[in-house]
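J.: with the input below, show me the fold.
(one chain, ligands or ions: 1)
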Amino acid sequence: MTRAPAKPVFLTGASGKLGRVLAKSLSDEGWTLVMTDIVPFPEPLPRNATFTVADLNDGVTILRLAEGCGAIVHLGGVSVERPFEEVLGPNIRGLFHIYEAARREKARVIFASSNHSIGFHERTESIGADTQFLPDGFYGLSKAYGELMGRLYWFKHGVESVNVRIGSAYPEPINARMLSTWLSYGDLSRLVVCAVTAEKTGTCVVWGASDNGRMTWWRDDARAELGWKPTDSADPYAGQLSGAVSGDPVEERYMGGAFCSLGYSRSAPAPAGLFTNGKE
Ligand code: 15L
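T.: Numbers count the residues shown, from 1 in each chain. Down below sits the predicted model:
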């Protein structure tokens, strides 16, 4: 157990899959949680936790709920690819409300960013956390915006943020891609504990993936500064999952997988690299 933060932690998206994992693990750490989601919490409330249904679009309520909190673990909003209009409210306007709350409370934001902010990087690459955003949809674009919001609020207002680019947080890996991208629930929980309790973070990025032997896509992030080292690994699943591929060339080419092929309408494959100078 770590020493509980002096102030309560505001957890958004608490009713979702990862929200419930963190509600339990952070409560087990003895932390006091102020939880919210747009849908009711589907389980008995963990110890030292309150829960209020709220819409991230409702800035007044978000500011009120965050009062007195020292950190905001922001998982709320749309978490898969959706039409732009559905992403806009929770992920764009809602993110502004989260950062305004953080500014007022002098709270640190732990933002559930996603690998889909860089999803159109090719799997043959090895990219550092400061590489260019290449979102693979409106959802990934909203995550890039969220990370940039963190930079804006750090430089302009001194608000700290830890942007966790989550790979695939599942109970266990279920396909070949996840041999690279899998993040165990245990590693996620320990990462959030480190992100909240680290003395200083500035605004930083961490790849949210376990210690996977095939995690060669992602390097150079802030994990050492936060004191986080993943301890789980997808490697034991390699034998059973290395053949679990989709057969879709777009999906298998890019890090974002199926999110890249969703709604894809190019007639010819994109050339490698970002700046093609009109040559295809
Ligand atoms: C995500 O960002 C999604 O929230 C999740 O549902 C997974 O699809 C994950 O990425 C992934 O890329 O595996």
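
J.: can you give me the end-to-end distance of stretch 125-143?
T.: Stretch 125-143 has an end-to-end distance of 21 Å (criterion: CA to CA, to the nearest Å).

J.: tell me what the longest helix along the chain is packed against?
T.: In the chain, assigned by DSSP state H, the helix with the most residues is helix 138-157. Packing contacts for helix 138-157, counted by 3 or more CB pairs under 8 Å, 6 or more residues apart in numbering; DSSP states H and E, involve helix 84-87, helix 94-105, strand 108-114, strand 161-166, strand 203-208. Every C-beta, even on glycine, is put in place using the N, C-alpha and C of the backbone.

J.: residue contacts, the nearest residue to residue 66 once chain neighbours are set aside?
T.: Using CB to CB, 6 or more residues apart in numbering and skipping residues adjacent in sequence, the residue nearest residue 66 is residue 101, 3.7 Å away. Going by CB atoms under 8 Å, 6 or more residues apart in numbering, residue 101 touches 10, 62-63, 65-66, 69, 72, 107.

J.: can you classify residue 134 by secondary structure?
T.: The three-state label given to residue 134 by DSSP: H, G, I helix; E, B strand; the rest coil is coil.

J.: so the closest residue to it other than its chain neighbours is in which element?
T.: Closest residue in space to residue 134, ignoring its immediate chain neighbours: residue 120 at 3.8 Å, by CB to CB, 6+ apart. Counting by DSSP states H and E, no helix or strand carries residue 120.

J.: residues contacting residue 69?
T.: Residues counted as contacts of residue 69 (CB under 8 Å, 6+ apart) are 7-10, 34, 101, 105, 107.

J.: nearest to the ligand, of the residues you listed?
T.: Closest approach between these and the ligand, by CB to the nearest ligand atom: residue 10, at 20.3 Å.
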